[in-house]
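Asks: Quick one, what's the 3D model for this:
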Amino acid sequence: MTNRLSVSIILIAISLLSGSCTRQIGPDTDAVSCQIVYDAGSSRTRLYIYERTPSGWLAHRGPESDALADPVRGIRGKTMSDAGVVVENIVAALENIRRDGPLDSKGEPEWLAFDWPNHCTVDAAAVYATAGMRLAEQHDSEASELIWKMLNDGLNEKLLMPVSTRTLSGYEEGLFAWLAIREDVVDENFGLAEMGGASVQVTFPCADCESSKMVRVKDQLISIFSHSFLGLGQDEAWKKFGPVPSCERGVGLKHPDWQVGECATHMPVSSEAVTGIRGRIMKIRGFDWYLTGAFRYMRDIDIDQYCRQGLDSGYQQSTSCFRAVYLDSVLDALGVPESAEPTDVDWTLGAVICTATRCLE
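Replies: Have a look, this model is predicted:
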């Protein structure tokens, strides 16, 4: 009797222990396939959970937190002494997304609750950092390695599964945005330009471009060119090229004869790489072009409103004239057609697609 009781106790203990080491779904539920992806961008980190549905991937946007690179770069008031808190807040987003977020200025939740532990089988989890972290790793490789380890340990403990935590290459950053757009268009005959805070990406199919890579797209292999200009994102450009009087908001009020070139001359974006890509783009026929990132907010009236009239842009007013001229100058330098259309697709969708299809293998 004693032996039977001891065996029962051991079996119960083993069962409880094994249960604590796997992602729990909840009894008798039909779990769906999900991927967890963090966008660790140059200005903030945001959680996304993508749910696979019969019609494609459904995105659940979660909380934002501080940029992972900030403590390493020592910007926005952060130092490495804040690294622990930054990491804790990133990990905490996995719990916070299970409840509606706080109300924004319109009285709507900043994110909608998604109880992923009771809804999902998590197939993959990743934190992908972009150009801000590429700059951080150049700035201090040891501190970057430390904060990555802290984050990986925290997420592994939370999710009880392996988590990919790494910085994307410039090629991947552009490719993932291109793959996200590909979900909603009829074929691969298109290109994109993406403006971030720390870099600019240009991506398009190119069979004879030397640095193109073969990518699995919709069950076929396509040769994709993708180039990233590190340091030419709008925030880094402001640090490098501005502020200057000829790019000040409302400069046209002080100088009625002000011309765009007076500002543009202070933001050189020409280089051998820019010239080469422009030459390629100018030769392409029959392609559609899309604008993502900050490019998608551009309007034809921006320069007139912010530079000549000094109107309130509603976002970083002191840089509004500079940004209006800079974004236009970059597109012009690259030769991106004026017919390019803005799109609000998110590159994290492309990352999920690439993971699911092993697009680069």
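Asks: For the protein, just list every one of the strands.
Replies: Secondary structure of the chain (DSSP state E): strands at 32-40, 45-53, 56-65, 120-129, 164-167, 190-195, 199-205, 213-217, 220-230, 288-293, 341-342.
Asks: any idea of the mean pLDDT for the fourth one?
Replies: Taken as a whole, strand 120-129 has a mean pLDDT of 97.
Asks: With the fifth one instead?
Replies: Over the span of strand 164-167, the pLDDT mean works out to 97.
Asks: Report the contact partners of the residue nearest the centre of the chain.
Replies: The C-alpha lying nearest the average C-alpha coordinate of the chain belongs to Asp39 (Cα atoms, centre = their mean; 4.8 Å). Asp39 sits next to Thr45, Arg46, Tyr48, Tyr128, Thr130, Asp346, Trp347, Thr348 when contact means Cβ atoms under 8 Å, 6 or more residues apart in numbering. The way it works is simple: take the backbone N, C-alpha and C, and place the C-beta from them, glycine included.
Asks: just checking, Val202 touches Met195?
Replies: No: applying Cβ atoms under 8 Å as the test, Val202 and Met195 come out as separate, 10.3 Å apart.
Asks: just to revisit the earlier point, out of the contacts of Asp39, flag the one nearest to Gly191.
Replies: Trp347 (14.8 Å; Cβ to Cβ).
Asks: neighbours around the closest one, how many?
Replies: By the criterion of other Cβ atoms under 10 Å, Trp347 has 29 neighbours.
Asks: ok, now Thr355?
Replies: 18.
Asks: list the contacts for the nearest residue to it once chain neighbours are set aside?
Replies: Distances taken as Cβ to Cβ, 6 or more residues apart in numbering place Ala124 nearest to Thr355, at 5.3 Å, with adjacent residues excluded. Neighbour list for Ala124: Gln35, Ile36, Ser164, Thr355 [criterion: Cβ under 8 Å, 6+ apart].
Asks: Buried subset of those, written for ChimeraX?
Replies: In ChimeraX, a selection of the buried entries from the contacts of Ala124 looks like this (16 or more other Cβ atoms under 10 Å):
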select :35,36,355
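Asks: Mind putting the contacts of Ala124 into a markdown table with distance to Ala207?
Replies: Below are the contacts of Ala124 laid out as a markdown table (distance: Cβ to Cβ, whole Å):
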| residue | distance to Ala207 |
| --- | --- |
| Gln35 | 31 |
| Ile36 | 35 |
| Ser164 | 30 |
| Thr355 | 25 |
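Asks: that older thread, mind picking the lowest-pLDDT entry from the contacts of Asp39?
Replies: Scoring the contacts of Asp39 by pLDDT puts Asp346 last, at 94.
Asks: rewinding a little: beta partners of the residue nearest to Thr355?
Replies: Note on Ala124: beta-bridge partners by DSSP bridges are Gln35.
Asks: Over to Arg46?
Replies: Residues in beta-bridge contact with Arg46 (DSSP bridges): Asp39, Glu64.
Asks: Could you check how far it is from Trp347?
Replies: 12 Å (Cβ to Cβ, to the nearest Å).
Asks: Tell me who's in contact with the residue nearest to Glu88 when sequence neighbours are not counted.
Replies: Spatial nearest neighbour of Glu88, chain neighbours left out: Gly154 (7.1 Å); criterion: Cβ to Cβ, 6+ apart. If you count contacts by Cβ under 8 Å, 6+ apart, Gly154 has them with Val87, Glu88, Ile90, Val91.
Asks: ok, the last one touching Lys158?
Replies: Yes: using Cβ under 8 Å as the test, Val91 is close enough to Lys158 to be in contact (5.4 Å).
Asks: So for the two, which residue has more residues nearby?
Replies: Val91 (20 against 14).
Asks: tell me the domain ranges of the protein?
Replies: Domain assignment for the chain by automatic domain parsing gives 28-167, 186-347.
Asks: and the longest one, how far from the chain's centre?
Replies: Spelled out, that is domain 186-347. 16 Å (Cα atoms, centre = their mean, to the nearest Å).
Asks: distance between the ends of it?
Replies: 18 Å (Cα to Cα, to the nearest Å).
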